[in-house]
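Asker: just need the structure, nothing else, for what follows:
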Amino acid sequence: MDTTVEVRALAKRYGRTTVLDRVDLDLGPGVTGLLGPNGAGKTTLLRCLATTLAPDDGGIRALGLDPARREQRTALRRRLGYLPQDPGFYPHFTVFELADYVAILKELTDRAERHREVRRVLAEVDLADRARTRVRKLSGGMKQRLALAQALLADPDLLILDEPTVGLDPEQRMRFRALVSRLGESRTVLLSTHQTEDVAALCERVVVMNGGRVVFEGTPGELAGVAAGQVWISDAPPSGSALFWRTADGRYRTLGENPPGGTPAVPAIEDGYLLLLGAPAEAAA
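Answerer: Modelled structure (predicted):
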């Protein structure tokens, strides 16, 4: 794998709480999914990669640049796009005005060229017909698409997306997947999500974090393989296991020990993810 981002022994603490615990990670071209329970450190890692948060220890090298050095950090910011988990908006701006303002911050100084770029990214996220709409009048899904449009300005080489499909309806999520899969053909995309189906649909590689550490790094198929021989379908619910649920056909899917009358099932990414996390996954389930 050609490496475009290197993370070495990255650490971040808030008081006595360690949020990132000496994280090592390599990223290359294509789409990488980042999974993990709430509090795993995913957003903190993304903020460090996006240069909005400085780590306490360790280092990052992205696109050949070191964000710990001021000049190189500025150069890196010109080449990355970032969609934060909670993007801020100016509600009285129109959609076009807000995207144009962000484009100015990204140093797109030629007015005609900048406006062409703004129209391009709004079209990419299906907001061209909302260009004159005030941000305060947008639905949650439209605001999320506007945040994605801002991340796409200036055609970044590194794209960092934190929960980008929140608020999107099924059709919008399909369009998002098509867009991101196309973007991943020519750049590095890191996508943090709780949706394992997005990882299955989009990502060549997947990283799982828990407790501030990387606990898995591999392909989606390898993550599903963590649950090989531990996924069962039965007519009755198991006893003594919290990792089971009733499926749409009225049967039960169990992870772990074979329940009475259970038959083997093909493991999915979600199965491997839940078994990998163990007790925290049981609480989440």
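
Asker: in a helix, that's where residue 174 is, yeah?
Answerer: Yes - counting by DSSP: H, G, I helix; E, B strand; the rest coil, residue 174 is found in a helix.

Asker: what's the local residue count around it?
Answerer: Number of residues near residue 174 (other Cβ atoms under 10 Å) recorded here: 12. The way it works is simple: take the backbone N, C-alpha and C, and place the C-beta from them, glycine included.

Asker: same thing with residue 71?
Answerer: With other Cβ under 10 Å as criterion, residue 71 counts 9.

Asker: before we move on, what about residue 67?
Answerer: Residues lying near residue 67 (other Cβ under 10 Å) number 23.

Asker: next one: residue 228
Answerer: Neighbours of residue 228 using other Cβ under 10 Å come to 13.

Asker: what residues are up against it?
Answerer: By Cβ atoms under 8 Å, 6 or more residues apart in numbering, residue 228 lies in contact with residue 267.

Asker: also the one 4 residues further on?
Answerer: When the contact criterion is Cβ under 8 Å, 6+ apart, the partners of residue 232 are 253-255, 258-259, 262-265.

Asker: at 7 Å instead, please
Answerer: 254, 258-259, 262-265 (Cβ atoms under 7 Å, 6 or more residues apart in numbering).

Asker: my guess is residue 80 meets residue 154, correct?
Answerer: No - using Cβ atoms under 7 Å, residue 80 is not in contact with residue 154, being 9.4 Å away.

Asker: okay, these two: which has more neighbours?
Answerer: residue 80 (23 against 18).

Asker: give me the phi and psi angles of that one.
Answerer: phi -120, psi 150 (degrees, to the nearest 10).

Asker: ok, and the closest non-adjacent residue to it?
Answerer: Nearest residue to residue 80, sequence neighbours excluded (Cβ to Cβ, 6 or more residues apart in numbering): residue 158, at 4.2 Å.

Asker: list the contacts for residue 12?
Answerer: 19-20, 44, 48, 55-56.

Asker: go again with 6 Å.
Answerer: Counting by Cβ atoms under 6 Å, 6 or more residues apart in numbering, residue 12 makes contact with 19-20, 44, 55-56.

Asker: understood, closing this out.
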